[in-house]
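S.K.: Provided below for reference: sequence and predicted model.
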Amino acid sequence: MTYNINEKLIWMSTQNALAANAKQQPLSDWEQAKLVKRIKSLLLQKDAVLVAHYYVDGALQDLAEQTGGFVGDSLEMARFGKLHPAKTLIVAGVKFMGETAKILSPEKRVLILDNQAECSLDLSAPIEAFSAFCDQHPDRTAVVYANTSAAVKARADWVVTSSIAVDVVNHLKNQGEKILWAPDKHLGHYIQQQTGADMVLWDGTCIVHDAFKATALATLKEQYPDAAVLVHPESPADVIAMADVVGSTSKLIQATQTLPNPVFIVATDNGILHKMKQVTPNKTFIEAPTAGAGGTCESCAHCPWMAMSTLQKLQQVLQNQDNEIVLDEAVRNKALIATERMMQFRERHVNKKHGVM
Ligand code: 13P
Ligand code: SF4
């Protein structure tokens, strides 16, 4: 059975984000320096800390690090926000990341830079349809990707991010559990392949990763025989099959430091190149193709919702305390159970592995 993945809503939200981004005025160096100075002072005044994802504008990532904040993958963002003592968390990323922060830190004010910053995976799994899916499979453990609403997390047994998904499902499989997975079908398929678990999959995709093309990637690989291919597991199976490394944003960044290759072909949002170039400045990075010769792309390897986070909006949000994440307390409490399972699993696992997952 195929589940309605809300295609129209995703298309409308994508167009809305692309149109809003096209209206953004680029800043001169002088304007940017002035804005950064103002933001630094507001962060102190408001007892706020900036937590950014690797896909947002490089200036936001740098500012997070310069001001005692954090830039990382979605699991590490959640962990940092939970542990940091600031009264206000400013999440530079998309809405589900703000919601995850609020689930874990209800005592803090959590602000996001644009409240229209959605995610096609989150939009693909409305709570009513997801609940019906769970009702049809009462014998299965519901494991959902962090890229979901608080309501979906509240209905699930486990929340996972890409950095921990394979390990969690492996653990559940070893306990004899059968899995219901939502919403990313490509990541679900990858986890199934890696673990051999019995899984039923929701039919959602990330509009950015779903657009990577295996045939064009094969041509690119021929042109760069020394290149290693780095792939986020939200990509289609035929793209993953060509990868030298598959993993979370953190794992892909780490691979640029540990692999000897001079060139990397990167199949994930191109916002990640900012950090990759910082940590390995002597290497060459090439974006994986999102279309074959003469083809077109919509997101063009950059998430339109991540691109909604800008320095200008950060200043406004800090100034006016806009875009606060507010969750129904009963929903938050239920969502906390599945989210805390992930956090505790992570603590046990990292202690065992001592490394990036
Ligand atoms: P990571 O958890 O790997 O950072 O991925 C989050 C995401 O939204 C990828 O598209
Ligand atoms: Fe969602 Fe894809 Fe954007 Fe990540 S890149 S936030 S999965 S739409």
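M.R.: Yep, that arrived. Numbering: from 1, shown residues only. Ligands and ions are numbered 1, 2, ... in the order given.
S.K.: Contact partners for the most centrally placed residue in the chain?
M.R.: Taking Cα atoms, centre = their mean as the criterion, residue 74 is the residue nearest the geometric centre of the chain, at 5.3 Å. The contact partners of residue 74, taken as Cβ atoms under 8 Å, 6 or more residues apart in numbering, are 53, 93, 97, 100, 146-147, 161-162, 248. Heads up, the C-betas are built off the backbone N, CA and C, glycines and all.
S.K.: which non-adjacent residue is nearest it?
M.R.: Once its chain neighbours are removed from consideration, residue 74 has its nearest residue in residue 161; the separation is 4.7 Å (Cβ to Cβ, 6 or more residues apart in numbering).
S.K.: so what's the one you found up against?
M.R.: Taking Cβ under 8 Å, 6+ apart as the criterion, residue 161 is in contact with 73-75, 78, 145-146, 248, 342.
S.K.: list the buried ones in stretch 209-224?
M.R.: Within stretch 209-224, the residues that qualify as buried are 209-214, 216-217, 220, 224, counting by 16 or more other Cβ atoms under 10 Å.
S.K.: Out of the residues you listed, which is nearest to residue 200?
M.R.: Using Cβ to Cβ, residue 210 comes nearest to residue 200 of those, at 19.8 Å.
S.K.: Can you give the contact residues for stretch 15-28?
M.R.: Applying Cβ under 8 Å, 6+ apart, the set of residues contacting stretch 15-28 is 35, 114, 116-118, 298, 304-305, 307-308, 310-312.
S.K.: Out of the residues you listed, name the two that are farthest from one another.
M.R.: Across these, the longest distance by Cβ to Cβ is 29.8 Å; it joins 35 and 298.
S.K.: Looking at those two, which has the bigger crowd around it?
M.R.: Shown here are residue 35 and residue 298; by other Cβ atoms under 10 Å, residue 35 has more neighbours (18 against 14).
S.K.: If I look at that one, what pLDDT would I see?
M.R.: Listed pLDDT for residue 35 reads 98.
S.K.: do you know how far it is from ligand 1?
M.R.: Residue 35 sits 26 Å away from ligand 1, going by Cβ to the nearest ligand atom, to the nearest Å.
S.K.: Please pull up the helix or strand immediately following the helix or strand that contains that residue.
M.R.: When secondary structure is defined by DSSP states H and E, residue 35 falls within helix 29-45. Proceeding N to C from helix 29-45, the next assigned helix or strand is strand 48-53, under DSSP H and E.
S.K.: That following strand: partners in the sheet, and parallel or antiparallel?
M.R.: Within its sheet, and counting by DSSP bridges, strand 48-53 is paired with strand 70-72 (parallel), strand 88-92 (parallel).
S.K.: Just checking, which helix or strand succeeds the first one along the chain?
M.R.: Stepping forward along the backbone from strand 70-72, the first helix or strand reached (DSSP H and E) is helix 74-83.
S.K.: so does that next one get close to ligand 1?
M.R.: Yes - contact between helix 74-83 and ligand 1, assessed by Cβ under 6 Å from any ligand atom, occurs at 74-75.
S.K.: Are that helix and ligand 2 in contact anywhere?
M.R.: No - judged by Cβ under 6 Å from any ligand atom, helix 74-83 stays clear of ligand 2, getting no closer than 8.3 Å.
S.K.: Let me see the mean pLDDT of that helix.
M.R.: Rounded to a whole number, the mean pLDDT of helix 74-83 is 95.
S.K.: Now it: buried residues?
M.R.: Residues of helix 74-83 classed as buried: 74-82 (neighbour count, 16+ other Cβ under 10 Å).
S.K.: Please parse this protein into its domains.
M.R.: What automatic domain parsing lists as the domains of the chain is 7-119+305-326, 123-206+346-353, 209-287.
S.K.: mind putting these in CSV, distance to residue 333 included?
M.R.: Formatted as CSV, the entries for these read as follows, by distance: least, Cβ to Cβ, whole Å:
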stretch, distance to residue 333
domain 7-119+305-326, 9
domain 123-206+346-353, 8
domain 209-287, 27
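S.K.: what's the span of stretch 175-187, first residue to last?
M.R.: Counting by Cα to Cα, to the nearest Å, you get 21 Å between the two ends of stretch 175-187.
S.K.: Give me the buried stretch members for that stretch, please.
M.R.: Neighbour-count burial for stretch 175-187, with 16+ other Cβ under 10 Å as criterion, is recorded at 177, 179-187.
S.K.: Can you give me the neighbour number for the residue of the stretch 51-200 of the chain found nearest ligand 2?
M.R.: Of all residues in the stretch 51-200 of the chain, the one sitting closest to ligand 2 is residue 119 (3.1 Å; Cβ to the nearest ligand atom). Using other Cβ under 10 Å, residue 119 has 27 other residues around it.
S.K.: picking that back up, for residue 335, find the nearest of the domains of the chain.
M.R.: Ranked by Cβ to Cβ, the member of those that lies closest to residue 335 is domain 123-206+346-353, at 3.8 Å.
S.K.: Off-centre distance for the closest one?
M.R.: Centroid displacement of domain 123-206+346-353 relative to its chain, using Cα atoms, centre = their mean, to the nearest Å, is 15 Å.
S.K.: helices or strands next to the helix or strand that contains residue 154 in the packing?
M.R.: Here residue 154, judged by DSSP H and E, is contained in helix 150-155. When contacts are defined as 3 or more Cβ pairs under 8 Å, 6 or more residues apart in numbering; DSSP states H and E, helix 150-155 sits against helix 95-104, helix 127-136, strand 141-145, helix 329-353.
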